[in-house]
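Chemist: Predicted coordinates and the sequence they were generated for:
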Amino acid sequence: MKKRVFLIVLDSFGVGNAPDAAAFGDEGSNTLAAIAAHPNFNAPNLQKMGMFNIEGTPAGKSVEKPIAAFGRIQEQSMGKDTTIGHWEIAGIVSPKPLPTYPNGFPKELLEEFEAKTGRKAICNLPYSGTDVIRDYGEEHLKTGALIVYTSADSVFQIAANEAIVPVEELYRYCEIARELLHGEHAVGRVIARPFEGDCAENFRRTTRRHDYSLQPPKDTMLDLLQRAGKDTIGVGKIYDIFDGKGISETHRTTSNKHGMETTLELAKRDFDGLAFINLVDFDMLYGHRNDVAGYAAAATEFDGQLAELLNLMQPEDLLMITADHGCDPATPSTDHSREMVPLLIYGNGVKAGTNLGTVQGFGSIAATVCDALGVQAQLDGTSLWNQIAE
């Protein structure tokens, strides 16, 4: 039985389109192939763990003896967003997609939001986060109206300049929106998007983003582990994604680098349970902005910190690396892509080089985590523990 499990989600790090990708408009997407071909990409530690031994991976060079078990996972939920992806990783399959708004939010919903906040809402369209402040930021500065927008994902986003709307006030507006968005309009996340600057040329988003997620509809591995007396530590936006449900300790982060620095500090201390880490920069800064060079460089930076984590692993530790969806930066789309995601499992007692092939359901991760920690669980997923444990 393991004592500590480190579960790292490389947000949007897909490894090739899923069989149903065409239904999501994502046929041909492959995030890993897009970045691995760039000169900024250098990931020897992911390589030696078996990343390029994964079935169907057309990029990178495989190794003869991977040090980890490796495979790819096909999502079972009907979506390709952060919330649904993480819920499935934690053991909940979502058979219905969360609502999206390709034409903006209904007029009556926006009117109710305006009445409760006392501010007008502008934009109300699907938009890139950087483009929306460029196009609507100056109007916001003049009028104080909130920039409300969405994307291809199930999100209600509110952008406001910190000089016009203090961050705590923006958070309060998001809480109002979260209360309004229920039933048929129960979007996955309400997101505060603060920015700064005094004109379109120098507007930039700040690091004080905050997500307000739906609470999971039923218990996840986090609840089961917590009830069993295990530590459940969230790093990055894990707390936000699960609305705090089942999480005993949280560490907010400002970047991938900060997230891994926090993880390295956790690896130096004693705990009994799960450290659940999300590294959002891959998705937020690079995937959504079609920045292949930046994504490749971020993967290289992570790989260097991964080497440090591998050196800190204790005999009773388990390390799992995966993703929640894709976001191929080399396609015309700036939205998430319906892709397979990688699964690398490393630790003392794990059969190195085990080829897991294609696993059905992200929930296999939750079931495996619970098995590894000796906690009984009935979740939407089949444990891989018997396949990988020596």
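Modeler: That came through, no problem.
Chemist: buried stuff in the longest helix anywhere in the chain?
Modeler: Looking across the chain with DSSP state H, the single longest helix is helix 292-312. Buried residues in helix 292-312, counted by 16 or more other Cβ atoms under 10 Å: 292, 294-303, 305-306, 309-310. In short, each C-beta sits where N, CA and C put it, glycine included.
Chemist: Which pLDDT value goes with the residue of the chain most remote from its centre?
Modeler: Centroid-distance maximum for the chain: residue 142 at 34.6 Å, with Cα atoms, centre = their mean. Model confidence at residue 142, given as pLDDT, is 98.
Chemist: do the same with residue 390
Modeler: 85.
Chemist: That one: neighbour count?
Modeler: Neighbours of residue 390 under the rule other Cβ atoms under 10 Å: 8.
Chemist: What of residue 57?
Modeler: Residue 57 is flanked by 21 other residues according to other Cβ under 10 Å.
Chemist: Same check on residue 178?
Modeler: Residue 178 has 18 neighbours, counted by other Cβ under 10 Å.
Chemist: Quick one: list the elements packing against the helix or strand of the chain with the lowest mean pLDDT.
Modeler: For the chain, counting by mean pLDDT, DSSP states H and E, strand 210-213 ranks last in confidence among helices and strands (a mean of 91). The criterion is 3 or more Cβ pairs under 8 Å, 6 or more residues apart in numbering; DSSP states H and E, and the helices and strands that strand 210-213 contacts are helix 167-180, strand 189-196, helix 238-241.
Chemist: which of the buried residues of helix 292-312 lies closest to residue 283?
Modeler: Taking Cβ to Cβ as the measure, residue 283 lies nearest residue 295 of the buried residues of helix 292-312, at 9.2 Å.
Chemist: Next up, the contacts around the closest one.
Modeler: Applying Cβ atoms under 8 Å, 6 or more residues apart in numbering, we find residue 295 in contact with 31, 34-35, 38, 282, 286-287, 329.
Chemist: With distance to residue 323, secondary structure and pLDDT added, can I get those residues in JSON lines?
Modeler: Below are these laid out as JSON lines (distance: Cβ to Cβ, whole Å; DSSP: H, G, I helix; E, B strand; the rest coil; pLDDT from 0 to 100):
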{"residue": "31", "distance to residue 323": "8", "secondary structure": "helix", "pLDDT": "97"}
{"residue": "34", "distance to residue 323": "14", "secondary structure": "helix", "pLDDT": "96"}
{"residue": "35", "distance to residue 323": "12", "secondary structure": "helix", "pLDDT": "97"}
{"residue": "38", "distance to residue 323": "18", "secondary structure": "coil", "pLDDT": "96"}
{"residue": "282", "distance to residue 323": "8", "secondary structure": "helix", "pLDDT": "98"}
{"residue": "286", "distance to residue 323": "13", "secondary structure": "helix", "pLDDT": "97"}
{"residue": "287", "distance to residue 323": "11", "secondary structure": "helix", "pLDDT": "97"}
{"residue": "329", "distance to residue 323": "14", "secondary structure": "coil", "pLDDT": "98"}
